[in-house]
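Asker: Pasting the sequence and the predicted model now:
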Amino acid sequence: MSEPFRYPYTIGLHDTDAAGILYSANIIRICMIAYEALLDDIGYGLPRLFRRRTFGLPVVHIEADFVRPMTAGQKVTVTARVERFGDRSYRMAYEVLDEERECTAKAATVHVCVDPQTRRAMEIPEDFRTALGTYA
């Protein structure tokens, strides 16, 4: 297994709820920010994907578990890696680590590769699979 992609993030006031802790839905938003940075890192940033439109990568499954509360101003690192490849889909695993490298949350997303014209599942293009495999 290779090293995961690492993305630094500071929990903002806008990320928290009235109790002052990370609002549950925002964990996925934060993980998706890290995912977009990973795509950019492997040469498949959103501008390239949107300009070429040869395939889409919609999310079809999301899950998250919270281990420790996170508060505004807290610096964390989101790690992202491909947990599993299929022919037409892949599962991303995320871990949010505090400054002591302790896990505060875990999340996962499943993405299906689709033809943008038909919106039907298609095989993951080999060049994209290879690039994404950098973090598998």
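Answerer: It's in.

Asker: can you pull the contacts of residue 54?
Answerer: With C-beta atoms under 8 Å, 6 or more residues apart in numbering as the criterion, the residues that contact residue 54 are 116, 125. Yep, even glycine has a C-beta here, placed from its N, CA and C like the rest.

Asker: ok, now with 10 Å
Answerer: Taking C-beta atoms under 10 Å, 6 or more residues apart in numbering as the criterion, residue 54 is in contact with 115, 116, 117, 122, 125, 128.

Asker: can you tell me which of those are in helices?
Answerer: The helices in this structure, assigned by DSSP state H, contain residue 128 from those.

Asker: For the helix or strand bottoming out on mean pLDDT in the chain, C-alpha coordinates in PDB please.
Answerer: In the chain, the helix or strand scored least confidently by mean pLDDT, DSSP states H and E is helix 46-52, which has a mean of 84. Listed next in PDB are the C-alpha coordinates belonging to helix 46-52 (Å, rounded to 0.1, in the frame of the first residue of the first chain):
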ATOM      1  CA  LEU A  46     -11.800  19.600 -12.100                       C
ATOM      2  CA  PRO A  47     -11.000  22.000 -14.900                       C
ATOM      3  CA  ARG A  48      -9.500  19.200 -16.900                       C
ATOM      4  CA  LEU A  49     -12.400  16.800 -16.200                       C
ATOM      5  CA  PHE A  50     -15.000  19.400 -17.000                       C
ATOM      6  CA  ARG A  51     -13.200  20.600 -20.200                       C
ATOM      7  CA  ARG A  52     -12.700  17.100 -21.700                       C
END
